[in-house]
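# build me a structure from this.
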Amino acid sequence: MNDKQIRYPEMIIFDYGHTLLYESDWDSKRGDEELFKHVSKNPDNVTVDDYIRAINEVYGKVTEVRENEGCDFSAAVADRTVSEMLNIEFSLTPLEREIVFWNAAAKVALMPDSDRMLDHLNEKGIRTGVISNLLWSGEALRNRFDRLLPNNKFEFVITSSDYIFRKPSRVLFDIALNKAGLSPEKVWYCGDNPIADIEGAANAGIFPVWYDSDIDFDRDIKGRFNTPQCEHLHIKNWNEMIKILDKL
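Predicted coordinates for the structure are as follows:
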């Protein structure tokens, strides 16, 4: 797309995974084992293996619906279900449980120059927010951003598990616009998934930026290798977007 066709944004909303941050070395068993250390009540002597089997059973039953129906469920609700099935209690709040599991299950790092890019947007007075398809709550994700991107000024952090629907459904995009108090033509959305992020944003009237980084790792994203079937800005790194914004 020609730069002259692009309107300067009042707000840019971002995806999470492989966009601002990325996860590697995912191991849910490691997360479950770390979380189980915080069990405070266990009258039936449930073992960590019992706990992991129950977790896998519950998550397995809802995964197909999650992927095929465009809906999501809350990890906190699933964890509560398992806890009450097994008659165990934790010494942590639901939010703390999300954070302890997630931090142990995967290593997380910044995508290159995501911090520099956000600092640039802050300097330019461009508002920011986040929409992510994620099992974990917006509160848990905000905790992660505040730890790794402490200069962020995200006005909202929306995850699908808090709102039922998953991108590319326009529900999350419409909620974000309502929170921002902006019409869609004043907003950009940046993400790596051609269908969920780029086509999803376009269908909501938001200008899409395809962040197509060459950095790779083990991940399984539906539609990852497609080319977006809509007009969009295609960038390979965040420095490209900084330069484009400075030209507008």
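# for the residue lying closest to Ile198 once chain neighbours are set aside, give me phi and psi.
Spatially, and ignoring its direct neighbours in sequence, Ile198 is nearest to Pro228 (3.9 Å; CB to CB, 6 or more residues apart in numbering). For every residue, glycine as well, the C-beta is placed using N, CA and C. Dihedral angles phi and psi of Pro228 (degrees, to the nearest 10) take the values phi -60, psi 130.
# and for the one 5 residues further on?
For Leu233, the backbone dihedrals (degrees, to the nearest 10) come out as phi -100, psi 130.
# contacts for the helix or strand in which Val209 is found?
Following DSSP states H and E, one finds Val209 within strand 207-211. With contacts defined as CB atoms under 8 Å, 6 or more residues apart in numbering, strand 207-211 is touched by 6-7, 9, 12, 15, 19, 185, 187-192, 194, 197-199, 201-202, 228, 230-235, 238, 241.
# at 6 Å what do you get?
19, 188-190, 192, 198, 201-202, 228, 232-235 (CB atoms under 6 Å, 6 or more residues apart in numbering).
# buried subset of those?
Listed as buried from the contacts of strand 207-211 are 19, 188-190, 192, 198, 201-202, 228, 232-233, 235; burial here means 16 or more other CB atoms under 10 Å.
# any idea which of those residues is least confident?
On pLDDT alone, Pro228 ranks lowest of these, at 90.
# please enumerate the helices of the chain.
Here the chain has its helices, by DSSP state H, at 28-36, 48-68, 75-86, 94-105, 114-124, 138-148, 160-163, 170-180, 200-203, 238-247.
# and the first one, what's its mean pLDDT?
For helix 28-36, mean pLDDT rounds to 97.
# do the same with the third one
Predicted confidence along helix 75-86 averages 95 (mean pLDDT).
# quick one: least confident helix or strand in the protein?
helix 48-68 (a mean of 88; mean pLDDT, DSSP states H and E).
# next one: Ile242 from Asp212, what distance?
Note on Ile242: its distance to Asp212, by CB to CB, to the nearest Å, is 16 Å.
# so the two - more neighbours on which side?
Between Ile242 and Asp212, counted using other CB atoms under 10 Å, Ile242 has the larger neighbour count: 18 against 15.
# so who does the more buried one touch?
Neighbouring residues of Ile242 by CB under 6 Å, 6+ apart: 117, 120.
# ok, now how distant is Pro168 from Leu141?
Pro168 sits 19 Å away from Leu141, going by CB to CB.
# ugh, typo on my part, it should be Thr19
Using CB to CB, Thr19 is found at 12 Å from Leu141.
# and the most centrally placed residue in the chain, what does it touch?
When CA atoms, centre = their mean is applied to the chain, the residue found nearest the centroid is Ser132 (3.2 Å). Neighbouring residues of Ser132 by CB under 6 Å, 6+ apart: 15-16, 159.
# ramachandran angles for the closest residue to it other than its chain neighbours?
Spatial nearest neighbour of Ser132, chain neighbours left out: Tyr16 (3.8 Å); criterion: CB to CB, 6+ apart. Here the main-chain torsion angles of Tyr16 (degrees, to the nearest 10) amount to phi -100, psi -70.
# number of nearby residues for Tyr16?
22.
# ditto for Ser83
Neighbours of Ser83 (other CB under 10 Å): 20.
# which stretches of this structure aren't confidently modelled?
Residues of the chain meeting the criterion pLDDT under 70: 1-4, 216-225.
# if we go to 80?
Residues of the chain meeting the criterion pLDDT under 80: 1-5, 63-70, 215-226.
# now stretch 133-149: buried residues?
Here stretch 133-149 shows 133-138, 140-145, 149 as buried, counting by 16+ other CB under 10 Å.
# export those as JSON lines, with columns for distance to Glu33.
Putting the buried residues of stretch 133-149 into JSON lines (distance: CB to CB, whole Å) gives the following:
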{"residue": "Asn133", "distance to Glu33": "26"}
{"residue": "Leu134", "distance to Glu33": "22"}
{"residue": "Leu135", "distance to Glu33": "18"}
{"residue": "Trp136", "distance to Glu33": "18"}
{"residue": "Ser137", "distance to Glu33": "22"}
{"residue": "Gly138", "distance to Glu33": "26"}
{"residue": "Ala140", "distance to Glu33": "19"}
{"residue": "Leu141", "distance to Glu33": "23"}
{"residue": "Arg142", "distance to Glu33": "25"}
{"residue": "Asn143", "distance to Glu33": "21"}
{"residue": "Arg144", "distance to Glu33": "20"}
{"residue": "Phe145", "distance to Glu33": "26"}
{"residue": "Leu149", "distance to Glu33": "28"}
